[in-house]
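Engineer: coords please:
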Amino acid sequence: MLEGINVNLRAMEPEDISLISDWLNNVDFQGRYTPLIQRSKEEMKKRFGEISDDQKLFIIEKKDGSKIGIILYFIVKGGPYNLLEIGYYMVLSERKKGYCSEAVKLFIDFLFLSQAIKRIQATTDIRNQASRKVLEKAGFTKEGTMRKALYMKGDWVDISLFSILRDEWKESKILKF
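Structural biologist: As a prediction, the model looks like this:
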């Protein structure tokens, strides 16, 4: 378990699949800036049961153990590069309380300390100001806009690309040993 100040991150366990499936099939949980995706619990079991070192999902928990969100990374392979990208979701009732910002900072510490990577990136719908703020608080820099890059709820939308480099991160901000 990765312990932060107000939240902890722990690797997903098989018993979490039902909750994750419920969350990800809930349009309110997905939010208005996420493509509409619906998957059965069996599809979720298959998808998350095949997780490798190229992708990993963590549960975000408050200190009292209540599960409030998920954060994940995946490696995009192709051409001469491998890109590590993160994504995150938070339950509605726990948004705008700083938990997501802390979880992302904790996750960045973990990834730079455990992976031989030079950069971490994230994308977000350009209209999603809350996600932009989370990334900026964690030290990410906006690199640009990818025009009409994501099909979402009947329309093609622009997304912003953010990244943080190992040289910009320098040392652990939250994760302590």
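Engineer: in its sheet, which strands sit next to the helix or strand containing Leu57, and in what direction?
Structural biologist: Using DSSP states H and E, the secondary-structure element containing Leu57 is strand 55-62. Strands flanking strand 55-62 in the sheet, each with its direction: strand 7-11 (antiparallel), strand 67-78 (antiparallel) (DSSP bridges).
Engineer: can you tell me which of the ones you listed is packed in deepest?
Structural biologist: Across those, the average number of neighbours (mean count of other C-beta atoms under 10 Å) peaks for strand 7-11, which reaches a mean of 18. Where C-beta positions appear, they are placed from N, C-alpha and C, glycine not excepted.
Engineer: pLDDT on that strand, on average?
Structural biologist: Computed over strand 7-11, the mean pLDDT rounds to 96.
Engineer: off-centre distance for that strand?
Structural biologist: Its chain's C-alpha centre and that of strand 7-11 lie 12 Å apart, by C-alpha atoms, centre = their mean, to the nearest Å.
Engineer: re earlier: buried residues in the strand holding Leu57?
Structural biologist: For strand 55-62, the neighbour count (16 or more other C-beta atoms under 10 Å) marks 55-61 as buried.
Engineer: dump these to CSV, plus pLDDT.
Structural biologist: As requested, the buried residues of strand 55-62 are arranged in CSV below (pLDDT from 0 to 100):
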residue, pLDDT
Gln55, 83
Lys56, 90
Leu57, 92
Phe58, 95
Ile59, 97
Ile60, 98
Glu61, 98
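Engineer: closest to Ser18 among those?
Structural biologist: Ile59 (12.4 Å; C-beta to C-beta).
Engineer: export stretch 18-32 to PDB, keeping only CA atoms.
Structural biologist: Backbone C-alpha positions of stretch 18-32 (Å, rounded to 0.1, in the frame of the first residue of the first chain) are rendered in PDB as follows:
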ATOM      1  CA  SER A  18     -17.500  -5.700  -8.900                       C
ATOM      2  CA  LEU A  19     -17.100  -2.200  -7.400                       C
ATOM      3  CA  ILE A  20     -15.000  -0.900 -10.300                       C
ATOM      4  CA  SER A  21     -17.500  -2.300 -12.800                       C
ATOM      5  CA  ASP A  22     -20.300  -0.500 -10.900                       C
ATOM      6  CA  TRP A  23     -18.300   2.700 -10.900                       C
ATOM      7  CA  LEU A  24     -17.200   2.600 -14.500                       C
ATOM      8  CA  ASN A  25     -20.700   1.800 -15.800                       C
ATOM      9  CA  ASN A  26     -22.200   4.700 -13.800                       C
ATOM     10  CA  VAL A  27     -22.500   7.800 -16.100                       C
ATOM     11  CA  ASP A  28     -22.200  10.100 -13.100                       C
ATOM     12  CA  PHE A  29     -19.000   8.500 -11.900                       C
ATOM     13  CA  GLN A  30     -17.500   8.700 -15.400                       C
ATOM     14  CA  GLY A  31     -18.300  12.400 -15.600                       C
ATOM     15  CA  ARG A  32     -19.200  14.500 -18.500                       C
END
